[in-house]
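K.L.:
Predicted coordinates and the sequence they were generated for:
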Protein chains: 2
Amino acid sequence: MVDALGTSIALHRLPEVLTAEPARLRALAHLLRFRREQDIYVQEERTDTWYRVVSGSACKYLMSTDGRRQLVDIYLPGDLFGFTARLHHRFAVQAVTDGTLIACYPRHRVEALAEEDAETALEIRIQIVEALERLQEQLLVTTTMTAQEKVREFLFYFHRRLSVATGHGLALPISRYDIADMLGISAETVCRAFRDLQERGVISLQGPRSIRINRM
Amino acid sequence: MVDALGTSIALHRLPEVLTAEPARLRALAHLLRFRREQDIYVQEERTDTWYRVVSGSACKYLMSTDGRRQLVDIYLPGDLFGFTARLHHRFAVQAVTDGTLIACYPRHRVEALAEEDAETALEIRIQIVEALERLQEQLLVTTTMTAQEKVREFLFYFHRRLSVATGHGLALPISRYDIADMLGISAETVCRAFRDLQERGVISLQGPRSIRINRM
DNA sequence: CGATTGATTGAATCGTTTCAAGTACCGTGG
DNA sequence: CCACGGTACTTGAAACGATTCAATCAATCG
């Protein structure tokens, strides 16, 4: 049922994501590193661990019977994931970027901590609400926009969240196929949208993965 | 900015939805009744109240500049809503059914209660996670299915949640337009899907709002 | 009773998918 | 070093599905 898990690792200096969280929550974490497309958890796996992206990126997805893959969320550094009201996961999560670093928290210990520590409880509630709001935005995007608008919106969102300021440049950590699965359109349509956005001067491409955002 | 709120009411017998919630949470509630399409809260309103559907139904939606309306969730009896990580609401919520009964909770008092009462904190967390999971399902539906499958899925979902057993019958509390806005398709397409599903024997219609589900 | 709203159907149009083909890039082994 | 094979990306053309626009029907309300 379960893939081999990522490699357990220890760090000398704590990444910013972890120093920002409540100390008592941080104490519960252990770190794992994942390769590209390696599963962090899979469908039907028991929901006994929560996770947080420390570096890299991951995506929540569902594999349909006909082999199509639908992404329902992308997790970037700081995002907490893995909570559910069920006993078993309905979706799977896998690393998008190679070398993605994940903090793992035993669910029952986090929940016990949340019962007595209001700061942790609030942190969890905020993270869940933020996942909810990301999903609402994605729903809006995927149901109301044309393909070209979807891609444009996706790029701006990514740029906003990853703007660790390499000028206006953006190094996409994600393939055309991932973007397609995220937006619910075909990879070919994503390509055409990239081309059209460039022709309209909205973005500039220096190679397929290196993008410059010119204007809103 | 804010519509006239619903009518404040008092009840002799508590509805089941309210007797099921933690007593200390229930003590914070006051009840309001809303007419069809009346706003419970609107975009940009301050997020200082949480709500729960006691009876009837409500929908969360966003009005786009071109006048189109996109629903992102439907709330049925028992559902808690109104929480967000923001200061102001990004979406609005309005009653779908005429006479919808809503319990209102002052946000700061609920959050204070959650800090000291683990049962309430858990109830809130579960409700938020369930909203998240509804949204994930809706995202799957709206991005991967054909119009006919979307409508079929919507009807089955509604039937599941509202099966207070009138045989296999289902009295839709929602118009073709609402369904269209929920699924991100046009109302005409919803109509055609109803017709096709009936022709294929999946459902039977006794009038536009009265539906019988025949098989999965 | 006409007026309004919701539901329904048909026909032309438009956007996206699908299928097919071709290109650019990168690491590996001869 | 270059040829090879694989993967990601790109483009074109036909087919398909949903939208849009227009018209009609049914039910409800003042």
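P.N.:
Yep, it's here.

K.L.:
Excluding chain neighbours, what is closest to residue A:85?
P.N.:
Spatial nearest neighbour of residue A:85, chain neighbours left out: residue B:129 (4.7 Å); criterion: CB to CB, 6 or more residues apart in numbering or on different chains. For every residue, glycine as well, the C-beta is placed using N, CA and C.

K.L.:
How confident was the prediction at the one you found?
P.N.:
Note on residue B:129: pLDDT of 95.

K.L.:
pretty sure it belongs to a strand, no?
P.N.:
No: Residue B:129: not assigned to a strand; according to DSSP: H, G, I helix; E, B strand; the rest coil it is helix.

K.L.:
Surely it is in contact with residue A:82?
P.N.:
No: counting by CB atoms under 8 Å, residue B:129 does not reach residue A:82; the two are 11.0 Å apart.

K.L.:
So if I had to pick from the two, which one is more boxed in?
P.N.:
Applying other CB atoms under 10 Å in any protein chain shown to residue B:129 and residue A:82 shows that residue A:82 carries more neighbours, namely 22 against 17.

K.L.:
How is chain A partitioned into domains?
P.N.:
A:7-134, A:145-213 (automatic domain parsing).

K.L.:
how far out from the middle of the chain is the longest one?
P.N.:
Its chain's C-alpha centre lies 9 Å from the corresponding centre of domain A:7-134 when counted by CA atoms, centre = their mean, to the nearest Å.

K.L.:
ok, now stretch A:158-175?
P.N.:
14 Å.

K.L.:
So which residues make contact with stretch A:191-206?
P.N.:
Stretch A:191-206 has contacts (CB atoms under 8 Å, 6 or more residues apart in numbering or on different chains) with A:147-148, A:150-152, A:155, A:176, A:211-215.

K.L.:
how does it look with 6 Å?
P.N.:
Applying CB atoms under 6 Å, 6 or more residues apart in numbering or on different chains, the contact partners of stretch A:191-206 are A:147-148, A:151-152, A:211-214.

K.L.:
In helices, which of those residues fall?
P.N.:
Within the contacts of stretch A:191-206, residues falling in helices by DSSP state H are A:147-148, A:151-152.

K.L.:
since we're on the closest residue in space to residue A:73 that isn't next to it in sequence, how many residues are nearby?
P.N.:
Using CB to CB, 6+ apart and skipping residues adjacent in sequence, the residue nearest residue A:73 is residue A:60, 4.3 Å away. Here the number of neighbours of residue A:60 (other CB under 10 Å) works out to 23.

K.L.:
from memory the residue nearest to residue A:85 sits against residue A:86, does it?
P.N.:
No: between residue B:129 and residue A:86 there is no contact, the gap being 9.0 Å when judged by CB atoms under 6 Å.

K.L.:
shared neighbours of the two, which are they?
P.N.:
With CB under 6 Å, 6+ apart, residue B:129 and residue A:86 have no common neighbours.

K.L.:
on that earlier part again, dump the ones in helices among the contacts of stretch A:191-206 to JSON lines, plus neighbour count, pLDDT and distance to residue A:195.
P.N.:
Below are the ones in helices among the contacts of stretch A:191-206 laid out as JSON lines (neighbours: other CB atoms under 10 Å in any protein chain shown; pLDDT from 0 to 100; distance: CB to CB, whole Å):
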{"residue": "A:147", "neighbour count": "17", "pLDDT": "97", "distance to residue A:195": "12"}
{"residue": "A:148", "neighbour count": "18", "pLDDT": "97", "distance to residue A:195": "10"}
{"residue": "A:151", "neighbour count": "27", "pLDDT": "97", "distance to residue A:195": "10"}
{"residue": "A:152", "neighbour count": "22", "pLDDT": "97", "distance to residue A:195": "13"}
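
K.L.:
Quick check: bridge partners of the residue nearest the centre of chain A?
P.N.:
Nearest residue to the geometric centre of chain A (CA atoms, centre = their mean): residue A:75, 1.6 Å. According to DSSP bridges, the partner residues bridging residue A:75 are residue A:58.

K.L.:
now swap in residue A:31 and tell me
P.N.:
residue A:9, residue A:103.

K.L.:
try the one 10 residues further on
P.N.:
With DSSP bridges as the criterion, residue A:41 is bridged to residue A:93.

K.L.:
count of residues packed around it?
P.N.:
Neighbours of residue A:41 using other CB under 10 Å come to 23.

K.L.:
How about residue A:216?
P.N.:
6.

K.L.:
Contact residues of chain A facing chain B?
P.N.:
Neighbours of chain B within chain A, by CB under 6 Å from any CB of the partner chain: A:70, A:72, A:83, A:85, A:115, A:118, A:121, A:126, A:128-132, A:135-136, A:139-140, A:142-144, A:184.

K.L.:
Filter those down to just the buried residues.
P.N.:
Among the residues of chain A next to chain B, the ones that count as buried by 16 or more other CB atoms under 10 Å in any protein chain shown are A:70, A:72, A:83, A:118, A:121, A:128-132, A:135-136, A:139-140, A:142-144, A:184.

K.L.:
List the ones among these that fall in helices.
P.N.:
Among those, the members falling in helices (DSSP H) are A:118, A:121, A:128-132, A:135-136, A:139-140, A:142-144.

K.L.:
is the helix or strand hosting residue A:124 anywhere near DNA strand D?
P.N.:
Assigned by DSSP states H and E, residue A:124 belongs to helix A:118-144. No: Helix A:118-144 is not in contact with DNA strand D by CB under 7 Å from any atom of the strand; minimum separation 8.8 Å.

K.L.:
If anything else comes up later, I'll come back, but that's it for now.
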